[in-house]
Structure formats: structure tokens, C-alpha cells
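Peer 1: below is the structure, and that's it, no one-letter string:
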């Protein structure tokens, strides 16, 4: 059985934690179980994302909320990983939006066609201006 993992930024120090346990209270408080320290930490709910079980060209894990760079037609497209209707998608972000026909592509399709060229260049929480 697949183990679903989450990440989030801790509220106490802003560091990322990753783990398979997550709890959400009725008030909206979110805690993630850190498998390294074996402790629960409260995280910023806006930063919580799920592991996609895919890797970039450098074998870096790809998470919901990551920014991906994909070579396209002599240049590149920048997009973010989103989770919607039970699946992960690559969604182009401005100013790259009109560089290819589809503005949102299923992540599995993207990897089938371009898996060895995709690179994680940041995430939407830490990077206001992603690396080029």
C-alpha cells in the first residue's frame, strides 16, 4: 500500500517538515508528524502539500506547490504542481502561460513525455522569484 506523505512549514521556526501523519482540527489547526524527530508540529495550513511520488531530472522529490521548469521550443515553461480532483497537474504560470497549447497538464502525462528534462526550481511558498 502506498504511504501518502505531506510537508508543511512549521509555525514555530518556519522550517519544512515532512511526514506521513497529518491531523486537522475543527478550528483549522494542522499538525504533521515528523518522522525524523518523532514529534507532531503545528504547520502553516497554506503551506501543506502532498508528495507526488515523482522526481525531477536531479532525483529531487516533487511536491504539491513546487515550481517546475520544463524546456520548451528553445526556451522554457515555468509552472507549479497543483492537486485537483484526485490527481496532480502542472499548471503554467504567467508570463509563461501562452507558450504551449495546454495551460494545465496531468503530471503523469507530462512525465511520460518530458520526465528526463523536468527540474524543481523552488516552490510557491519560499520563492517569489524562482531560479532560472
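Peer 2: Arrived safely. All values derive from a computational prediction rather than experimental measurement.
Peer 1: contacts only, for residue 71.
Peer 2: Counting by C-beta atoms under 8 Å, 6 or more residues apart in numbering, residue 71 touches 114, 117. No exception for glycine: its C-beta is placed from N, CA and C like everyone else's.
Peer 1: 6 Å - rerun?
Peer 2: residue 117 (C-beta atoms under 6 Å, 6 or more residues apart in numbering).
Peer 1: can you tell me the strand partners of the helix or strand containing it and which way each runs?
Peer 2: Using DSSP states H and E, residue 71 maps to strand 66-72. Counting by DSSP bridges, the strands paired with strand 66-72 are strand 75-84 (antiparallel), strand 119-123 (antiparallel).
Peer 1: how's this structure carved up into domains?
Peer 2: Following automatic domain parsing, one gets these domains for the chain: 6-47, 52-123.
Peer 1: quick one: end-to-end distance for the longest one.
Peer 2: What it means is domain 52-123. Domain 52-123 has an end-to-end distance of 14 Å (criterion: C-alpha to C-alpha, to the nearest Å).
Peer 1: got it, and stretch 88-106?
Peer 2: Stretch 88-106 end-to-end distance (C-alpha to C-alpha) = 6 Å.
Peer 1: got it, and stretch 109-118?
Peer 2: Stretch 109-118: ends 12 Å apart by C-alpha to C-alpha.
Peer 1: distance from the one helix or strand residue 90 maps to to the middle of the chain?
Peer 2: Using DSSP H and E, residue 90 falls within strand 87-92. With C-alpha atoms, centre = their mean, to the nearest Å as the basis, strand 87-92 stands 10 Å off its chain's centre.
Peer 1: same check, this time on stretch 18-26
Peer 2: Taking C-alpha atoms, centre = their mean, one finds stretch 18-26 lying 17 Å from the centre of the chain it belongs to.
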